[in-house]
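Colleague: Make a model of this:
(one chain, ligands or ions: 1)
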Amino acid sequence: MSQPKEFVLKASCDATSGIVASVSTYLADHGCYISEMHQYDDEDTQRFFMRALCKVESDDNSISSIRAGLDDQVSRFNMDWSIYDMDEPVRVLLMVSKFDHCLDDLLYRHRKGELPMEITAIVSNHKDLRSMAEREGIRFVHLPVTKENKFDQEDALMQIVEETNTDLVVLARYMQILSDSLCKKLHGRAINIHHSFLPGFKGAKPYHQAHERGVKLIGATAHYVTSDLDEGPIIEQAVQPVDHTYSSERLVAVGRDTETVALANAVRMHLEHRVFMYGNKTIVFK
Ligand SMILES: Nc1nc2c(c(=O)[nH]1)N[C@@H](CN(C=O)c1ccc(C(=O)N[C@@H](CCC(=O)O)C(=O)O)cc1)CN2
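Modeller: Below is the predicted model of the structure:
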């Protein structure tokens, strides 16, 4: 008897009655065991969202046959849906500049099996972290960025994304602003960690702004990347209490922890297909 297959169904449609019954009946008829189910009705927009984690005996009904018949079952709901085979890890490209804490943390969690992903490459606009990549046996690509070569380097990045069948790009303290055209190509599949609790201090130096402002909490925000700097849909945030005795340097040190936690959680929830991007917000089924 072979191992049961595990898959995730993500679906959204205009809210109406009978959606869950229709979907769960279909899954049951195909021998699926629903081990986790979340649903949400967005009252403002009358939009319905659901995520179902399912197990199915792999030698009976393969995931492809479940995919094949679902449209007919849910056609009356005009449903947007996707089924993800959890045996197929999401292919992830990591981007970094000089700060190594977020990259190091993601690589450690991946090594410990906490992040079910296939790392396709590590891309940086500096050479500083090449050894961190090589230590893990991961391809390292140095793409230095200047005002003159920015678009050529972005084309080179997209070539790597396409040739490696990368599903998700993670900006793990990558300190270059991506162009509008690149943001469009990576819409909904690029996650950035911003080192402040947004909406708060935008830009490259939020800790200095936080110190100047005398904040009592600092934090970090993991969000999908959009053309509007630091304005993308928020996936996860983390905070840490501080006080007047904290220097900017100490805020930076404490901030590292909030950044690594927020980014790791956001990446994990994306890899587990728990996140819906909806307008400029997200729905996250934890
Ligand atoms: N299109 C977007 N690109 C990026 C975003 C984003 O939200 N949308 N987030 C940044 C990360 N980031 C803050 O989280 C950030 C990084 C860099 C800068 C910045 O001003 N960079 C300067 C160059 C700085 C340097 O070379 O060290 C610049 O690009 O001119 C602001 C915010 C990643 N990209």
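Colleague: Is stretch 104-124 positioned near the ligand?
Modeller: No. Stretch 104-124 stays out of contact with the ligand when judged by C-beta under 6 Å from any ligand atom, the minimum separation being 12.0 Å. Heads up, the C-betas are built off the backbone N, CA and C, glycines and all.
Colleague: If we go by neighbour counts, what in that stretch is buried?
Modeller: 105-107, 109-110, 115, 117, 119-124 (16 or more other C-beta atoms under 10 Å).
Colleague: Then stretch 43-56?
Modeller: For stretch 43-56, burial by neighbour count (16+ other C-beta under 10 Å) applies to Arg47, Phe48, Phe49, Met50, Arg51, Ala52, Leu53, Cys54, Lys55, Val56.
Colleague: coming back round to it: which ones among the buried residues of stretch 104-124 are found in strands?
Modeller: Counting by DSSP state E, the part of these found in strands is Met117, Ile119, Thr120, Ala121, Ile122, Val123, Ser124.
Colleague: Among those residues, which pair sits farthest apart?
Modeller: Greatest spacing in those, by C-beta to C-beta: Met117 and Ser124 (18.3 Å).
Colleague: shaky segments in the stretch 51-200 of the chain?
Modeller: Within the stretch 51-200 of the chain, the stretches with pLDDT under 70 are 59-61.
Colleague: Can you report how many residues neighbour Arg173?
Modeller: 21 (other C-beta atoms under 10 Å).
Colleague: where's it, which helix or strand?
Modeller: Assigned by DSSP states H and E, Arg173 falls within no helix or strand.
Colleague: where exactly do the strands run in the stretch 51-200 of the chain?
Modeller: Assigned strands in the stretch 51-200 of the chain, in chain order: 80-85, 90-96, 117-124, 140-142, 168-171, 190-194 (criterion: DSSP state E, counting those that start in this stretch).
Colleague: okay if I get those strands as a markdown table plus distance to Glu212?
Modeller: As requested, those are exported to a markdown table (distance: least, C-beta to C-beta, whole Å):
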| stretch | distance to Glu212 |
| --- | --- |
| strand 80-85 | 44 |
| strand 90-96 | 27 |
| strand 117-124 | 30 |
| strand 140-142 | 35 |
| strand 168-171 | 25 |
| strand 190-194 | 18 |
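Colleague: between the ones you listed, which one is nearest to Gln159?
Modeller: Short answer: strand 140-142, nearest of these by C-beta to C-beta, at 10.2 Å.
Colleague: partners of the closest one, with directions?
Modeller: Using DSSP bridges, strand 140-142 pairs in its sheet with strand 117-124 (parallel).
Colleague: Please compute how far the partner strand lies from its chain's middle.
Modeller: 14 Å (C-alpha atoms, centre = their mean, to the nearest Å).
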